[in-house]
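Engineer: could you work out the structure for the sequence below:
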Amino acid sequence: MSSSLIVRPYEEADRPFLRTLYLASRKHTWTWLEDDFQLEDFDHAVIGETILVAERDGHLLGFASIFTQENFLHNLFVDPQYQGTGAGSALLQAAEEAFTRQGSLKCLVKSKKSVAFYLSKGWNIISTGDSPKGEYYLFHSSKK
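Structural biologist: Down below sits the predicted model:
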């Protein structure tokens, strides 16, 4: 029997794996982009953010990064082979618990599975906007 999923604070020792996970997850999810994804992208994407890590049996499954000053969920990525195992839900719940008021996030419109995930968790689409990676939805959490 496997042990339970835990969400814990980021440790520097997590960086090499999370760099790889971030790279692989974006390539897997953002198939329409021709971006030149790099391992170092993780380092730039989480500067000044609080990072939470999902782990089971010593394996890192995913991470979330939060810009706490704005209660903004900036990143939530789960290793493609562990999607559907509850890691994303656990990370989202932990992020919501870290918010001091209503949270927000942006999700690319073309990321249909991600959009469906946030809608299923009670997040609401407030508006749309454009980014270098394409059109996005601005979501607000239903909590707080």
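Engineer: list the buried residues for the longest helix seen in the chain?
Structural biologist: In the chain, assigned by DSSP state H, the helix with the most residues is helix 15-29. Buried residues in helix 15-29, counted by 16 or more other CB atoms under 10 Å: Leu18, Arg19, Leu21, Tyr22, Leu23, Ser25, Arg26, Thr29. Heads up, the C-betas are built off the backbone N, CA and C, glycines and all.
Engineer: which element follows that helix toward the C-terminus?
Structural biologist: helix 41-45 (DSSP states H and E).
Engineer: any idea how far Thr85 is from Glu12?
Structural biologist: To Glu12, Thr85 is 25 Å away according to CB to CB, to the nearest Å.
Engineer: more neighbours: these two, which one.
Structural biologist: Between Thr85 and Glu12, Thr85 has the larger neighbour count (other CB atoms under 10 Å), namely 17 against 6.
Engineer: for Phe139, helix, strand, or coil?
Structural biologist: strand (DSSP: H, G, I helix; E, B strand; the rest coil).
Engineer: mind listing the residues bridging to it?
Structural biologist: Beta-bridge partners for Phe139, by DSSP bridges, are Leu105, Ile125.
Engineer: what residues are recorded as beta-bridge partners of the residue nearest to the spatial centre of the chain?
Structural biologist: Centroid-nearest residue in the chain, with CA atoms, centre = their mean: Leu76, separated by 0.3 Å. Beta-bridge partners for Leu76, by DSSP bridges, are Ala64.
Engineer: for the closest residue to Gly62 other than its chain neighbours, list the residues it contacts.
Structural biologist: Once flanking residues are discounted, Gly62 sits nearest to Val78: 3.5 Å by CB to CB, 6 or more residues apart in numbering. Contacts of Val78 were listed using CB atoms under 8 Å, 6 or more residues apart in numbering, and they are Ser25, Ala54, Leu61, Gly62, Thr85, Ala87, Gly88, Leu91.
Engineer: mind pulling the model confidence for Glu70?
Structural biologist: For Glu70, the pLDDT comes out at 95.
Engineer: that one: neighbouring residues, count only.
Structural biologist: Glu70 - counted by other CB under 10 Å - has 12 other residues nearby.
Engineer: how much space separates it from Leu52?
Structural biologist: Separation of Glu70 from Leu52 (CB to CB): 16 Å.
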